[in-house]
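**Student:** could you look at this predicted model? Sequence included:
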Amino acid sequence: MTDAPRIAIPYFTGNGHTRVLAEAVAKGAGGAALIDVENITDEDWQTLDAAEAILFATPTYMGSTAAGFDRFLEDASDRWPDLLWRDKIAGGMTVATYPSGDKLASLIRLAIYAAQMGMIWVGQAEIGAPVDPSKPGINAGGSWLGLTATSSRDKTQMVDADDLKTAHHFGTRIATATLRWRQG
Ligand SMILES: Cc1cc2nc3c(=O)[nH]c(=O)nc-3n(C[C@H](O)[C@H](O)[C@H](O)COP(=O)(O)O)c2cc1C
């Protein structure tokens, strides 16, 4: 039997939205280690170093990744000189209040970071709504570089319901890509 892919999702969240989005991705992936970068431990760093895939999760603040997440990215750049994260699968997700909210800038920042670390960036592959009527609500915002989500006004839900469904698909795609990459 194939071992499950080792996926880690380091996340920063101010008010819980990014955590909810990361949980939905983890579910779609069939499991992932969620790592709160504000309380990161030595064990978490070991989990990250041993992961086959790392998905970066941050809210968009002022049109870019949150400072609390940037701190983590800079700390992790200790791994850059020896390219310790080289050839890991990478992906990114972000949530913000507005449908656009300049989230794309956050994804671009994360993709460049992954490229500098020698990682293999995987984006979304859902044509989804509105072009494919069989997938209502999926990737309705048309974001292919990575996963974008909009905060829900319903604070019991936190993230738009369709975006949570899209997140599930994204998690599945990452798990599949990780296993394919493992097989070489
Ligand atoms: C400092 C700050 C800057 C923000 N900048 C943006 C922004 O540029 N675009 C946007 O759509 N929402 C922006 N927001 C709203 C957050 O992205 C939104 O509340 C998000 O759901 C927060 O996720 P979190 O609970 O995981 O922190 C900002 C919020 C804060 C606190």
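**Tutor:** Okay, I see it.
**Student:** identify the bridge partners of residue 90.
**Tutor:** Taking DSSP bridges as the rule, residue 90 bridges to residue 54, residue 121.
**Student:** ok, and for the top helix by length along the chain, which residues are buried?
**Tutor:** Counting by DSSP state H, the longest helix found in the chain is helix 161-183. For helix 161-183, burial by neighbour count (16 or more other CB atoms under 10 Å) applies to 162-171, 173-175, 177-179, 181. All C-beta atoms are positioned from the backbone trio N, CA, C, and that covers glycine.
**Student:** OK, contacts around whichever residue of the chain sits closest to the ligand?
**Tutor:** In the chain, the residue that lies nearest the ligand is residue 101 (2.4 Å; CB to the nearest ligand atom). Applying CB atoms under 8 Å, 6 or more residues apart in numbering to residue 101 gives the contacts 60, 63, 150.
**Student:** how much space between it and residue 38?
**Tutor:** As for residue 101, its distance to residue 38 is 22 Å (criterion: CB to CB, to the nearest Å).
**Student:** on that earlier part again, highest neighbour count among the contacts of residue 101?
**Tutor:** residue 60 (24 neighbours; other CB atoms under 10 Å).
**Student:** and the nearest residue to residue 97 once chain neighbours are set aside, backbone torsions?
**Tutor:** Nearest residue to residue 97 in three dimensions, chain neighbours excluded: residue 151, at 5.1 Å (CB to CB, 6 or more residues apart in numbering). In terms of degrees, to the nearest 10, the main-chain angles of residue 151 are phi -60, psi 140.
**Student:** now do residue 92
**Tutor:** Backbone torsions for residue 92, taken as degrees, to the nearest 10, come to phi -140, psi 150.
**Student:** now do the contacts for it.
**Tutor:** Counting by CB under 8 Å, 6+ apart, residue 92 makes contact with 55, 56, 57, 58, 106, 107, 110, 111, 114, 145, 146, 147.
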